[in-house]
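[1] Build me a structure from this.
(chains A, B, C and D)
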Number of protein chains: 2
Amino acid sequence: MGKAALAAKAPEERRERILRATIAVVRARGFAGTRVTDIAVEAGTSQGLILYHFGSLAGAFAASLTLLEDEFYEELDRNLSEVVGPVPRLRHIAELGAGHGPAVGDWRLWLELWVRAIRDDDARAARESLDTRWRGALRQVVDEGLAAGVFEASDPKASVLRLAALMDGLAIQLALAEPGMTPSKFTELWWQSAVLELGISPVSAVTGSKGGQKKN
Amino acid sequence: MGKAALAAKAPEERRERILRATIAVVRARGFAGTRVTDIAVEAGTSQGLILYHFGSLAGAFAASLTLLEDEFYEELDRNLSEVVGPVPRLRHIAELGAGHGPAVGDWRLWLELWVRAIRDDDARAARESLDTRWRGALRQVVDEGLAAGVFEASDPKASVLRLAALMDGLAIQLALAEPGMTPSKFTELWWQSAVLELGISPVSAVTGSKGGQKKN
DNA sequence: AAGATTCTTGAACGGTCATTCAGTTAGGCT
DNA sequence: AGCCTAACTGAATGACCGTTCAAGAATCTT
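    Down below sits the predicted model:
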C-alpha cells in the first residue's frame, strides 16, 4: 500500500508531465525537430502514451500551447504585482524582457511559435492570445502612469503597440545572440524608447530602477 | 542549330532556376515544409539535379540564401537611390518595410530565416549579413540627416538599432496578419517613432512623403 | 474479489522522403 | 565523326518516424 502510494501516478500527472516535456523539447529542438520519441524520453514514458492522450504529435503541440499560456499568464501576474508604481513597474517590464523570469524569458520559443503561427491555427490562436494579454499588461501600466501624470502620450494605444513591437524586435537579436546584444543592452535600449515615448522625466527615469542608479 | 540555341540551357541557368524555385517554395511552405520534390516541380527539373548541383537539400537551402542576399542588396541599393534627401529617404524606408518592393517585403520569409538561424549556421550567417547591411543603410540615412541638421540624436547608433528592431517587431504582426495591422499602419507607426527618435520637425515630417500630406 | 474500465507499453506497420545510382543525353574538343 | 566529360533523369533504396495495435498493468466499481 505504501508501494501503491508511491507508484501510483494520477493519469493527469502523466499528462502534464508529457506537456512539460513537449515544451522542453520544442525549446531545445524547435517544432520542426521535435519527435514523438524525444518527448517520450524527456517525459519518461512511452511513445504510445503520448498518442493515447493527445491523438497525434500535432495534438500534443496544441495542448502544450495552452499549458504555456496558463503559465505565462500566471507568471506575468505574479511578476507585475511584485512592483508598484508606474515607473518602477515599467522599468521592471524592461528587465523582464531581457530574460529574467523563466517562462517569459525564452525568446527562442517565441520565435518558434511565431513561425508555427504562420501555418498552424492553434499556434496562431495561442500566440495572438499571449500577445494580447501581454500588450494589455503594458497598456495597463501606461494608463496608470498617465493617470498619475508621470507619463504623457498623445496616442497611448500607438505607444503601447510600438513599445511591444520594439521588444519583439530586440528579442530577435537576443534570441539569435547577435554580437553586441546582451540582456542589459536590451533593457537599456528599450527603456530609452519608453522614456522617449512616454515623456518620462529624467528624474523618475533614473529612480525607476529599484536600486537607484547604480550601474556595474 | 536554331534548335540548339533555344534548347541549350547553360547549366548555370538551371542552377539559378533551382535556387529561385527553392526560395519560392520556402516562401510558400516554410523550410520545414519544403521537399526536394517541391523544388523540382517548381523548377521544372528532376529531383536528381538538385542533389547533383547542391549535394543535399540543406545545401540547396544554403545556396539559395546567398542568392537571396545578392538580390536583397541589389534591391536595397536600387530602392534607396530612387529618393534623395534624408527625410524623404527615411520616409521611403518606412514605406519599404510595409511591403513595397518585392524582395524586401516578404516578412514571412524573414521569420523563417530567423528561426532557421537558431540552429543552422548558414542561415545564421545570412541573416546576420542581411541585418548588418540593412542597419548600415539605415545608419547612412540617419548620418546624412544629422549632417544636414534635419535630424538630431544623442546616440545615433542606439537610435538606428531601435528603429531597425522596431521594424522587425512590427513586421511580425504584419507577417502574422494581426488584426488591425496593415501596411499603412505599419508605415505610420514606424514613422512616428522615427520622428520622435530623430527629432524631426513637424514641417519636414509632413513634407517627407513625396506626394505632400495627402491622406486617404 | 471479479469484472470492467482506464491507462500504459513497445513492437510492428506503412508512408514519406532524402539520397543513391545506373543509365541517358548533350556539348565540347580533336 | 567519335570520344570524353559534364549535365541530367527518375526509378530504386533505405532510413526515419508518426501512428496503430494487441496485450498487459493499474485502478475503480460493485
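
[2] what number of residues lie near residue A:43?
    Neighbour count for residue A:43, taken as other CB atoms under 10 Å in any protein chain shown: 21. (C-beta placed from N, C-alpha, C; glycine too.)

[3] got the contact list for it?
    The neighbours of residue A:43, taking CB atoms under 8 Å, 6 or more residues apart in numbering or on different chains as the test, are A:14, A:17, A:18, A:20, A:21, A:22, A:50.

[4] where does chain A have low pLDDT?
    Under the criterion pLDDT under 70, the flagged ranges of chain A are A:1-9, A:100-105, A:204-216.

[5] DNA strand C: which of the contacts of residue A:43 is nearest?
    Nearest to DNA strand C out of the contacts of residue A:43 is residue A:14 (CB to the nearest atom of the strand; 3.8 Å).

[6] packing partners for the helix or strand where the closest one lies?
    Secondary structure from DSSP states H and E places residue A:14 in helix A:11-29. If contacts are counted by 3 or more CB pairs under 8 Å, 6 or more residues apart in numbering or on different chains; DSSP states H and E, helix A:11-29 sits against helix A:36-43, helix A:47-54, helix A:57-81, helix A:107-119.

[7] orientation of the last one relative to helix A:11-29 in degrees?
    By that I understand helix A:107-119. The directions of helix A:107-119 and helix A:11-29 differ by 100 degrees, with axes from the mean of the first three to the mean of the last three CA atoms, to 10 degrees as the criterion.

[8] Next, the buried residues of helix A:107-119.
    A:107, A:108, A:109, A:110, A:111, A:112, A:113, A:114, A:115, A:116, A:117, A:118 (16 or more other CB atoms under 10 Å in any protein chain shown).

[9] swap in the second one?
    Residues of helix A:47-54 classed as buried under the neighbour-count rule (16+ other CB under 10 Å) are A:49, A:50, A:53, A:54.

[10] mind giving me the domain split of chain A?
    The record's domain split for chain A, according to automatic domain parsing, is A:10-55, A:65-207.

[11] tell me the most buried of these?
    Mean neighbours per residue, mean count of other CB atoms under 10 Å in any protein chain shown, is largest over the domains of chain A for domain A:65-207, with a mean of 18.

[12] Please report how far the nearest residue to residue A:110 once chain neighbours are set aside lies from residue A:190.
    Of all residues not flanking residue A:110 in the chain, residue A:171 sits nearest, at 6.7 Å (CB to CB, 6 or more residues apart in numbering or on different chains). Using CB to CB, to the nearest Å, residue A:171 is found at 10 Å from residue A:190.

[13] got any residues that touch both of those two?
    When contacts are counted by CB under 8 Å, 6+ apart, residue A:171 and residue A:190 are jointly contacted by residue A:97.
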